[in-house]
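Enquirer: got a structure for you, letters missing:
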């Protein structure tokens, strides 16, 4: 029986893990799979999706409370993934010698705030 590959990341749009898609492209703390890239291409080309001449936030398009509630776990999962990636980037910066002051400056917060938010618990 072949070993099952553990997911490393998931698409920030559809939540499919990298093990379920052909390609997962990494951005700054987010990921997009080949399936969602194709959907985006179709929307941009005008083949599907909302009318691009009327920019409306996705939550404003929802007309049913069940639709909104169904979306909440996906939004929360995407937020949690971004937060986990931010922590990993901060810890990598620390491993490479960045001070808490420089990390705080990069994130627009004080050194103390950066340390309180990201320092590993000992």
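Expert: In hand now; what should we look at? The structure presented is a predicted model; accordingly, all values stated were derived computationally and were not measured.
Enquirer: Every contact and neighbour count from this point should use C-alpha atoms.
Expert: OK.
Enquirer: Would you mind measuring from the most centrally placed residue in the chain to residue 38?
Expert: Of all residues in the chain, the one closest to the mean position by Cα atoms, centre = their mean is residue 30, 3.5 Å from it. For residue 30, the distance to residue 38 (Cα to Cα, to the nearest Å) stands at 17 Å.
Enquirer: Kindly report the same for residue 96.
Expert: Counting by Cα to Cα, the gap from residue 96 to residue 38 is 37 Å.
Enquirer: Residue 57 too?
Expert: Taking Cα to Cα, one finds residue 57 at 21 Å from residue 38.
Enquirer: Of those two, give the one with the bigger neighbour count.
Expert: residue 38 (11 against 8; other Cα atoms under 10 Å).
Enquirer: After the host helix or strand of the more buried one, which helix or strand is next?
Expert: Using DSSP states H and E, residue 38 maps to helix 34-44. Of the helices and strands lying after helix 34-44 in sequence (DSSP H and E), the nearest is helix 58-61.
Enquirer: Pull out the buried residues from the next helix or strand after that next one.
Expert: Using DSSP H and E, the helix or strand that follows helix 58-61 in sequence is helix 65-95. Within helix 65-95, the residues that count as buried by 16 or more other Cα atoms under 10 Å are 78, 81-82, 85-87, 90-91.
Enquirer: How about stretch 11-27?
Expert: Neighbour-count burial for stretch 11-27 flags 11-13, 15-18, 24 (criterion: 16+ other Cα under 10 Å).
Enquirer: Helices - which of those residues land there?
Expert: Per DSSP state H, helices hold no members of those.
Enquirer: will you turn those into JSON lines that also has pLDDT and distance to residue 43?
Expert: Formatted as JSON lines, those follow (pLDDT from 0 to 100; distance: Cα to Cα, whole Å):
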{"residue": "11", "pLDDT": "91", "distance to residue 43": "18"}
{"residue": "12", "pLDDT": "88", "distance to residue 43": "17"}
{"residue": "13", "pLDDT": "87", "distance to residue 43": "14"}
{"residue": "15", "pLDDT": "85", "distance to residue 43": "19"}
{"residue": "16", "pLDDT": "89", "distance to residue 43": "20"}
{"residue": "17", "pLDDT": "90", "distance to residue 43": "23"}
{"residue": "18", "pLDDT": "91", "distance to residue 43": "23"}
{"residue": "24", "pLDDT": "94", "distance to residue 43": "19"}
